[in-house]
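A.B. asks: build me a model:
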Amino acid sequence: MTDKAHFLHEQDSPLDLHAISPLETMYENISKQLDPYGVVSSMLHAQMAWLMHPQELGRAAAALSGDVLALQSHIARRAMGMPSPDVAHPHPDDTRFKDPIWSEYPTWDILKESYLAFTNRLQELYFSTPGMSGKERRRAAFWFRKWLNAVSPTNFFWTNPVAMKKCLDTNGESLLSGFRAFMRDIQAKNILTIEPDAFVVGKDLATTPGKVIFRNRLLEIIHYTPTTEKVRAMPLLIVTPWINKFYILDLTSKKSLVKHMVDQGFSVFITSWKNPTPDMSNVVFDDYLVEGVDTAVHTVLDFCKVEKLHMTGYCIGGTLSSVYMAWANKKFGKDKVPVADLTLFTTLTDFSHPGEIEVFIDDGSIHALEESMQKKGYLDGTEMSSSFRLLRSNSLIWNYWVHSYLYGEPLAAFDVLFWNADNTRMPQAMHSYYLREMYLNNNLIRHDRLTIAGEPISLNRIVQPMFVVTAIDDHIAPWTQCYRIRKFVDVNTELHFVLSTSGHILGIVNPPVTPPKRAYWAGEPKPNERCEDWMKRTPKKSGTWWEEWPSWLDKRDSTMIDAPPVANRKYPALADAPGTYVVEK
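C.D. replies: This next block holds a predicted model:
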């Protein structure tokens, strides 16, 4: 081919517009290194998307202009001492501006209204960005909202009238106390929510009497001392999440679900997971199923000399319990599964819409976490805690910034916050698998897509009765997603669905009180019934689902026997409850 012919041939070749250019490759590599979670890039993409849609941008500018005019009118009336309705209102859960001074004094009211008006409108713009997917819009809006929360006037001394008033009232002592708190947190490398010595596990928390009757490299099994002469013949095994310590279900005697069920006449066993160390980096999800749940099930059955038990799983412990039930139905056959029924507390099995945590779920973010875990052999608990705190940054970060540093207030001794700060680690191999296969690829809901401990996993093999508890304000396991378990288990499976008021923790740690603090909905979803329709037709009940759960369990087996000893010759007491693993740091 001549040079001229070769040139013409190249000119006739079609231009590949889908190929990634070297410049794009370089940009992606830099973004992965400098911005793995898309903090900056997501917002820049949203801004570019608006610039590429001038018609929509014009409409948005017109809406913003309307807000500005309303705000100017409000400012003028307040400046002249005239009453004026608020231009913008904070979310009902937003307590930053609850002090009357923000409304009574025109100067502070104008500052508050200006901040709320612009932040509300700007957040709406990010949520409605044209030309981006829903997940991309939510991610951009999430990170922009975190920035807006950070620049709130309540977070700075000279723009927070409450902080200035406290300074005057205490002759500066509040600022001095705030500085001490700031130095304390600098040393702790964290904004503390509670003093590290506020409670002692085993003395103030996790005090229900019992014995550790089994221990392996992954877990301890605790059997609680019966408090009734007769107990149910069928024991209750609770599979707790290993993302936190187990004693969230055994806080104080008045808040302990464990104690409540023991007092109801159940033989209660619970898992207390080992806090992983670097040498456990290769522990996989299969190990948690075989050496964890399956071992716990057969230990409890052997201890009680029965063929079946009630199983309960909470959060990731519930996900593992669901996997176990699918695995056991495949391995043993439905008639020989050693579990009579399954109770789930705020548990995801369909991860297609996992709530705001999805901002941390993409290949780049997971890859960044994997690189971090590769260096240590685990995901540090403080990293995971920081992610969850970001989801509710106003209440879990800036609230403590303001009250500790600007107001100089001492940290309140709150048992749930102490538990929340008692971090655990996650083994590298297990956590990487969990993030990719569950959250990123959502393979748990796909028939036989996963093979775990030698068996293909399909949730539609689960035929045992289920009691599913969710919480209406849960931002970690949204109730509408938890509801979808009905779609994936066997169509004939009996399923009792409960929706409690409150959130991921307090919807479960929900003891009976007089008068009742909370309420719940409970009933059986119809086949293919939408969650909204189920809620509309289901009556709301005052009180707690704790009082309904024992009756539901009794429908499986209500046989009563003499209370067994808390330990025996084959399973001697290895330690008093709450055991040794729970106190490991």
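A.B. asks: now tell me what touches stretch 382-401 from outside.
C.D. replies: 93-96, 146, 149-150, 152, 154-155, 190-193, 243, 355-357, 360, 369, 372, 411, 420-421, 423, 426, 475-476 (Cβ atoms under 8 Å, 6 or more residues apart in numbering). Heads up, the C-betas are built off the backbone N, CA and C, glycines and all.
A.B. asks: roughly how far out does the host helix or strand of residue 312 sit from the chain middle?
C.D. replies: Assigned by DSSP states H and E, residue 312 belongs to strand 309-314. For strand 309-314, the separation from the chain centroid amounts to 20 Å (computed by Cα atoms, centre = their mean, to the nearest Å).
A.B. asks: again, but for stretch 338-349
C.D. replies: Centroid displacement of stretch 338-349 relative to its chain, using Cα atoms, centre = their mean, is 17 Å.
A.B. asks: pLDDT of that stretch, averaged?
C.D. replies: The average of the pLDDT scores along stretch 338-349 is 98.
A.B. asks: quick one: buried residues of stretch 466-479?
C.D. replies: 466-472, 474, 476-479 (16 or more other Cβ atoms under 10 Å).
A.B. asks: end to end, how far does that stretch reach?
C.D. replies: 16 Å (Cα to Cα, to the nearest Å).
A.B. asks: mean confidence (pLDDT) on it, please.
C.D. replies: For stretch 466-479, the per-residue pLDDT averages 96.
A.B. asks: next: stretch 130-140.
C.D. replies: Taken as a whole, stretch 130-140 has a mean pLDDT of 92.
A.B. asks: run through who's touching that stretch.
C.D. replies: Against stretch 130-140 from outside (Cβ under 8 Å, 6+ apart): 38, 42-43, 45-46, 49-50, 52-53, 56, 126-129, 356, 358-359.
A.B. asks: change it to 10 Å
C.D. replies: Outside of stretch 130-140, the residues within contact range by Cβ atoms under 10 Å, 6 or more residues apart in numbering are 37-39, 41-50, 52-53, 55-57, 60, 125-129, 353, 355-356, 358-362, 365.
A.B. asks: generate a PyMOL selection restricted to the buried subset of these.
C.D. replies: Buried residues within the contacts of stretch 130-140, by 16+ other Cβ under 10 Å, are selected in PyMOL with:
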select buried, resi 37+38+39+41+42+43+45+46+49+50+56+60+125+126+127+129+355+356+358+359+360+361+362+365
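A.B. asks: on that earlier part again, which of the contacts of stretch 382-401 count as buried?
C.D. replies: By 16+ other Cβ under 10 Å, those give 96, 146, 149, 152, 154-155, 191, 193, 243, 355-357, 360, 369, 411, 420-421, 423, 426, 476 as buried.
A.B. asks: picking up where we left off before, I'd like the list of the contacts of stretch 382-401 that fall within strands, please.
C.D. replies: Those of the contacts of stretch 382-401 mapping onto strands are residue 426, per DSSP state E.
A.B. asks: who's in contact with the residue nearest to residue 160 when sequence neighbours are not counted?
C.D. replies: Among residues not flanking residue 160 along the chain, residue 154 sits closest, at 5.2 Å (Cβ to Cβ, 6 or more residues apart in numbering). Listed by Cβ under 10 Å, 6+ apart, the contact partners of residue 154 are 95-97, 99, 102, 111-112, 115, 160-163, 394, 398-399, 401-402, 406.
A.B. asks: which ones among those map onto helices?
C.D. replies: If you go by DSSP state H, the contacts of residue 154 have 102, 111-112, 115, 161-163, 399 in helices.
A.B. asks: make JSON lines from these and add neighbour count to it.
C.D. replies: Output for the ones in helices among the contacts of residue 154, formatted as JSON lines (neighbours: other Cβ atoms under 10 Å):
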{"residue": "102", "neighbour count": "20"}
{"residue": "111", "neighbour count": "18"}
{"residue": "112", "neighbour count": "25"}
{"residue": "115", "neighbour count": "20"}
{"residue": "161", "neighbour count": "19"}
{"residue": "162", "neighbour count": "19"}
{"residue": "163", "neighbour count": "22"}
{"residue": "399", "neighbour count": "17"}
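A.B. asks: and the furthest pair within these?
C.D. replies: 111 and 399 (19.2 Å; Cβ to Cβ).
A.B. asks: so which of the buried residues of stretch 466-479 comes closest to residue 275?
C.D. replies: Of all these, residue 275 sits closest to residue 476, with 20.5 Å by Cβ to Cβ.
A.B. asks: go ahead and confirm the closest one touches residue 356.
C.D. replies: Yes - Residue 476 is within contact range of residue 356, at 8.7 Å (criterion: Cβ atoms under 10 Å).
A.B. asks: show the contacting residues for residue 557.
C.D. replies: Counting by Cβ under 10 Å, 6+ apart, residue 557 has contacts 232-234, 306, 308-310, 340-341.
A.B. asks: can you rerun that using 8 Å?
C.D. replies: Residue 557 touches 232-234, 308, 340, counting by Cβ under 8 Å, 6+ apart.
A.B. asks: report the distance from stretch 108-115 to the chain centre.
C.D. replies: For stretch 108-115, the distance to the chain centre is 33 Å (Cα atoms, centre = their mean).
A.B. asks: contacts for it, please.
C.D. replies: For stretch 108-115, using Cβ under 8 Å, 6+ apart, the contacting residues are 71, 74-75, 78-79, 86-88, 97, 101-103, 152-153, 159, 161.
A.B. asks: residue 517: neighbour count?
C.D. replies: Neighbour count of residue 517, defined by other Cβ atoms under 10 Å: 15.
A.B. asks: put the alpha carbons of stretch 491-500 into CSV.
C.D. replies: Listed next in CSV are the C-alpha coordinates belonging to stretch 491-500 (Å, rounded to 0.1, in the frame of the first residue of the first chain):
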residue,chain,number,x,y,z
VAL,A,491,-44.4,-18.0,48.4
ASN,A,492,-46.0,-20.3,51.0
THR,A,493,-43.8,-19.3,53.9
GLU,A,494,-45.7,-17.9,56.8
LEU,A,495,-44.4,-14.4,57.4
HIS,A,496,-45.4,-12.0,60.2
PHE,A,497,-44.2,-8.5,59.5
VAL,A,498,-43.7,-5.9,62.2
LEU,A,499,-42.9,-2.2,61.7
SER,A,500,-41.9,-0.3,64.8
